[in-house]
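Undergrad: Sequence and predicted structure are below.
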Amino acid sequence: MHFPPQPPFPCLVGAPRSGTTLLRMMLDAHPEMASPPETGFLPRAAHIHLPGMRRQRLFRIVTGTPRRSPTWHDFGIAKEDLQRSLATVKPFTVREGVRTFYRLYAANHGKVRFGDKTPLYALEMPAIQRLLPEARFIHLIRDGRDVALSLRKTWFAPSQEINHLAQYWKRIVTRAREDGNKVNHYLEVRFEDLVTNPEKVLSRACAFLDLPYDPAMLLYWKGAPERLKEHKARQRRDGTVLVSQDQRFQQQRLTTKPPQAERVGIWVQEMTPEEKQAFADEAGDLLRVLGYDFR
């Protein structure tokens, strides 16, 4: 069976706290586009190889990733509905099975196009492209010092130390920029531009995605509170709560407001001189390459 050509699949990536949720909300406000909360399963799906078990294996991966605290409840899809939809894919391929999940999510929201926003897919772009050749990667880049200050307030921060956060930001951004040369469609977007001139950035992103520009995207914040309700409490497999629904909402609450240009350069006032120096020691070279100022 020949599957029809696929429209571009937006895949929003970047170091966590770089603005990917903001851009997700903007694109999701488009009347054609739906983007689920972070998925996490695409790299695992890309490595399914056993022909006889691919359908069952994909179902377990989609509904059970990440292993310690699956995100399945965020998607608002009944497992039985996913199973039925996967059963209709004939002949079955993992690629078409993955698309089936996204189509089901989009249909539940009355949309015909779909995409993904999972920041750490920044480290998996070539594998995702092999799985979904229609993938078009938009890499959100934000001044790493602002990222570090935002990231260390979250439950998923890899460290509280500025030097470690600088290393983390540098590793992700550098890897994504290098791999951007290995995939067919890659676009860099600056957070600073997104919040100061969203119409220009969104017009560029829409052209990249073969998506007609729609001004509804500028009013994303009106629908964001309802969309954020999808972010349920995350539970470990033993039933204990990893992070509450309210905590998740608070981490994304700025997406319920118009773009906050005043969030640009918060590091200037909020970092101590010692923290500024520690970040510069670890990632100053990348800040310079990206054109960020030192003060």
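TA: Received the coordinates, thanks.
Undergrad: contact partners of the host helix or strand of residue 148?
TA: Assessed by DSSP states H and E, residue 148 sits inside helix 144-151. With contacts defined as CB atoms under 8 Å, 6 or more residues apart in numbering, helix 144-151 is touched by 15-18, 157-158, 162, 165-166, 168-170, 173, 191, 263-267, 270-271, 276, 279, 283, 286-287, 292. (C-beta placed from N, C-alpha, C; glycine too.)
Undergrad: So which of the residues you listed sit within helices?
TA: 162, 165-166, 168-170, 173, 191, 267, 270, 276, 279, 283, 286-287 (DSSP state H).
Undergrad: nearest to residue 41, of these?
TA: Using CB to CB, the shortest approach to residue 41 within the ones in helices among the contacts of helix 144-151 belongs to residue 168, at 22.4 Å.
Undergrad: thought the closest one was touching residue 160?
TA: No: counting by CB atoms under 8 Å, residue 168 stays clear of residue 160, with 11.7 Å between them.
Undergrad: More neighbours: these two, which one.
TA: A direct count of neighbours by other CB atoms under 10 Å for residue 168 and residue 160 places residue 168 higher, at 21 against 11.
Undergrad: Can you show me the CA trace of stretch 241-260 as PDB?
TA: Extracted C-alpha coordinates of stretch 241-260, given in PDB (Å, rounded to 0.1, in the frame of the first residue of the first chain):
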ATOM      1  CA  VAL A 241       3.600  12.200  42.700                       C
ATOM      2  CA  LEU A 242       6.700  13.400  40.900                       C
ATOM      3  CA  VAL A 243       5.200  16.900  40.200                       C
ATOM      4  CA  SER A 244       1.700  18.200  40.700                       C
ATOM      5  CA  GLN A 245      -0.600  19.600  38.100                       C
ATOM      6  CA  ASP A 246      -0.500  23.000  39.700                       C
ATOM      7  CA  GLN A 247       3.300  23.000  39.800                       C
ATOM      8  CA  ARG A 248       3.300  22.200  36.000                       C
ATOM      9  CA  PHE A 249       0.900  25.000  35.400                       C
ATOM     10  CA  GLN A 250       3.000  27.500  37.400                       C
ATOM     11  CA  GLN A 251       6.100  26.600  35.300                       C
ATOM     12  CA  GLN A 252       4.200  27.500  32.100                       C
ATOM     13  CA  ARG A 253       2.000  30.300  33.400                       C
ATOM     14  CA  LEU A 254       3.700  33.000  31.400                       C
ATOM     15  CA  THR A 255       2.200  31.400  28.200                       C
ATOM     16  CA  THR A 256      -1.200  32.600  29.500                       C
ATOM     17  CA  LYS A 257      -0.100  36.200  28.900                       C
ATOM     18  CA  PRO A 258       1.000  38.200  25.800                       C
ATOM     19  CA  PRO A 259       4.700  37.900  25.100                       C
ATOM     20  CA  GLN A 260       6.800  39.200  28.000                       C
END
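Undergrad: All good on my end, thank you.
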